[in-house]
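**Q** Model the structure of this input:
(2 chains)
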Amino acid sequence: MAAKPKLAVFKFASCDGCQLSLLDAEDELLAVADAVEIAYFLEARTRTLEGPYDVGLVEGSITTAHDAERIRRIRDQCQFLVTIGACATSGGIQSLRNWADVNEFISQVYAHPEYIKTLATSTPVADHVIVDFELRGCPINKHQLVELVAALLQGRKPRVPRYSVCIDCKRKHVVCVAVAQGVACLGPVTQAGCGVICPAYHRECFGCFGPKEQPNLASLLGHYANRGADAVQLVRLTRNFNGYAPEFREASDDLETAAALGNTPDAPS
Amino acid sequence: MTEKRTFEVKALTRVEGEGALYVRLEGDRVEQVELNIYEPPRFFESFLRGREIREVPDITARICGICPVAYQMSACHALEKALGVTVTPEIRALRRLLYCGEWIESHALHIYLLHAPDFLGYESGISMAADHRAAVERGLRIKKIGNALLEVLGGRAIHPINVTVGGFYRAPRPADLQRLIPDLEWGLEASVETLQWVAGFDFPDLEVDYACVALKHPDEYPMNEGRVVASGGLDISAEEYETHFQERHMPQSTALHSVMVPQETPYLVGPLARVNLCFEQLPPRARREAETCGVSWPSRNNFQSIAARAVELIVAFEEALRLVRAYSTEATPSRAPYEPHSGEGCHATEAPRGLIYHRYRLGEDGLVAEAKIVPPTSQNQGQIEEDLRQYVPRVLAYDDAEATRRCEHLIRNYDPCISCSTHFLKLQLDRK
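**A** Below you'll find the predicted structure:
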């Protein structure tokens, strides 16, 4: 029998929720542990095996000089590197510091700023090393994670949709909250994968799965602004868990600039 | 010449988040014990400033993937106090049910996958499953039921989306909850089996005169509400919390470290503290099983926290069954309305790992002007170090690897959640 592929799980700045998703796959966990060698997964096991690893799952964003160095060493150890979750794929909620003065943040929270070593920014893993595949979500969807592991074992590309939340809302017959409630919903520009839980629970999508392929945020946000949404609120809506993803970032920056100049954002023609 | 030793764990395992331990010994004397938190800081309290009230439960959930509900609950209650909002008894009951879901998934994870392997001599739940497959499968099924409850009420298990200030975006449909009853009934019996299983473990001998701190409520086992009480007789409201408990910033940590003032002493929060202080409030089955399981309560041995956690699994299933059975019509309205305005409010709830305190100040613009969050693990950090100081001399006869393993076991008694504590560990034993 060929040796089992070696799986490693690494953590950077994050809440642990995405790696917990592997332990939350209660029906599949023991089968996964039989099919792959869980070689490095500090949250779940004490034994660690030396690299190289066939697959590395990376959770969390890069926020310290030490971590910027560590991710390079991890890349060298992993044949296939997969980022899991909003922190690793776009910088996470902690990337809100990228719009602020981190020294001010430190002095607000800590009595001794001199003990804290951190970078001015929280950045996605792909800003530092080449990433082979990314699994989106805040948190990731455990079924997508199991699909990813299965696909890697079978040597095929994981089936993960890149279309918008809207598509799944229509498929599931969930009433459109943007239309019915008139709320600003990020569903049209956000990648599917969550199971459209927010609209199904009568609230707006707030972008946990990040931008879908080719999203048109200027058009969507312009539409909401024309219908009376406050520009500053729209900036906050786009600037959260995936706020530093390029498409969301550009949109919130443009909106902020326009609001500062007193302009209404471009309406769709 | 005195023998100098160091015990060192560079990366603690089977804990949530990243930390290390460093212990330095000169002969039998413990010179230094340091729990290092190297989890990078994320600055939640800073970037909450300027955010909308309705965003706070979504954002604070992201502090911790294992106990997001604890953050959501403390935040909602604190903000409701700031806004003068009172929730209906139906919403109060649904919130308690949501908390039951989180206690179940978090306690089952810790008991079965993280902590039991220490008692049975395995490096993980995964290895333990090779010899104890049925037990691990039972644990996973218990955990799954907790997650299912979170999914019905919260939309998903990790970072629920249905929690908001004032209540829920959408009340659950009674049928969706009733459907869980057979699983909850199975879970209640499985948690009794869990308690019987863990109560039979061999507990290392370490009696500590803990200052236990927990919420206490006259009519129920504490989750969302209660007064803050301590073993010494302290009995205060959440509003007085910051007068009696304060945070200190230690050089080795990106977490702040809490002490009781004025004595600057460490204290214990979490399942053992709760069972010790609120034994009278245990629901009937949990109390009966706790009394006959073989562990004597109150317990001063935190290695028995695994039994306290199992008692609380029974509590959570018993309460969940009671609440689900009582939920016959959809709660309407699903949330109390509010208008954003200035104000200040604070609140403490009981996270799986212990008391969690939030305080918010809202500005004239109705946005968050200031946020303060005290997670359970930063409150336990001082006590973990104190336990180690007492425990290390008892493990000196072992070689470095075994002594270090035993220290790690002690740390896991606390189910430390390091990701949480970053406003908070490496294990290293240094014998010189």
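**Q** and the closest residue to chain A within chain B, helix, strand or coil?
**A** Distances between chain B and chain A by C-beta to the nearest C-beta are smallest at B:Gly65, namely 2.2 Å. The way it works is simple: take the backbone N, C-alpha and C, and place the C-beta from them, glycine included. Three-state call for B:Gly65 (DSSP: H, G, I helix; E, B strand; the rest coil): coil.
**Q** For it, which residues are in contact?
**A** A:14-18, A:20, A:139, B:16, B:158-159, B:419 (C-beta atoms under 8 Å, 6 or more residues apart in numbering or on different chains).
**Q** the strands in chain A, which residues?
**A** Along chain A, the segments classed as strands by DSSP state E run A:6-11, A:37-41, A:53-59, A:78-84, A:133-135.
**Q** no, scratch that, I was asking about chain B
**A** B:4-9, B:19-26, B:29-37, B:163-164, B:167-168, B:213-216, B:227-230, B:235-236, B:245-249, B:256-260, B:343-351, B:354-362, B:368-374, B:428-431.
**Q** what's the closest of these to B:Leu410?
**A** strand B:19-26 (9.5 Å; C-beta to C-beta).
**Q** Report all helices and strands that that closest one contacts.
**A** strand B:4-9, strand B:29-37, helix B:400-412, strand B:428-431 (3 or more C-beta pairs under 8 Å, 6 or more residues apart in numbering or on different chains; DSSP states H and E).
**Q** can you list the ones you listed in JSON lines and add distance to chain A?
**A** Listed next are the helices and strands packed on strand B:19-26 as JSON lines, based on distance: least, C-beta to the nearest C-beta, whole Å:
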{"stretch": "strand B:4-9", "distance to chain A": "10"}
{"stretch": "strand B:29-37", "distance to chain A": "11"}
{"stretch": "helix B:400-412", "distance to chain A": "8"}
{"stretch": "strand B:428-431", "distance to chain A": "15"}
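**Q** contacting residues for the residue nearest to B:Tyr210 when sequence neighbours are not counted?
**A** With sequence-adjacent residues excluded and distances taken as C-beta to C-beta, 6 or more residues apart in numbering or on different chains, B:Tyr210 is closest to B:Leu268, at 4.3 Å. Applying C-beta under 8 Å, 6+ apart to B:Leu268 gives the contacts B:210-213, B:302, B:354, B:380, B:383.
**Q** can you name the two of these that are farthest apart?
**A** Spanning the widest gap among the contacts of B:Leu268 are B:Val213 and B:Asn302, at 13.6 Å by C-beta to C-beta.
**Q** More neighbours: those two, which one.
**A** B:Val213 (29 against 26; other C-beta atoms under 10 Å in any protein chain shown).
**Q** circling back to that earlier point, skipping adjacent residues, who's closest to the residue of chain B closest to chain A in space?
**A** Nearest one to B:Gly65, counting by C-beta to C-beta, 6+ apart, is A:Gly17 at 2.2 Å.
**Q** Check the burial of the one you found by counting its neighbours.
**A** 28.
**Q** I'd like the distance between it and A:Ala86.
**A** Per C-beta to C-beta, to the nearest Å, A:Gly17 is found 10 Å from A:Ala86.
**Q** Which residue, neighbours along the chain excluded, lies closest to B:Ile161?
**A** B:Gly155 (4.3 Å).
**Q** per-residue confidence for that neighbour?
**A** Looking at B:Gly155, its pLDDT reads 98.
**Q** Run a quick neighbour tally on it.
**A** 23.
**Q** contacting residues for the residue of chain A found nearest chain B?
**A** Taking C-beta to the nearest C-beta as the measure, chain A has A:Gly17 as its residue closest to chain B, at 2.2 Å. Applying C-beta under 8 Å, 6+ apart to A:Gly17 gives the contacts A:85, A:138-139, B:62, B:64-66, B:68, B:158-159.
**Q** Contact residues of the stretch 151-269 of chain A facing chain B?
**A** A:194-195, A:197-198, A:200-203, A:206, A:208, A:233, A:236, A:240-241 (C-beta under 8 Å from any C-beta of the partner chain).
**Q** now these in a markdown table, with distance to B:Ala331?
**A** Below are these laid out as a markdown table (distance: C-beta to C-beta, whole Å):
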| residue | distance to B:Ala331 |
| --- | --- |
| A:Cys194 | 24 |
| A:Gly195 | 23 |
| A:Ile197 | 19 |
| A:Cys198 | 19 |
| A:Ala200 | 17 |
| A:Tyr201 | 14 |
| A:His202 | 13 |
| A:Arg203 | 16 |
| A:Phe206 | 24 |
| A:Cys208 | 26 |
| A:Gln233 | 28 |
| A:Arg236 | 29 |
| A:Asn240 | 28 |
| A:Phe241 | 28 |
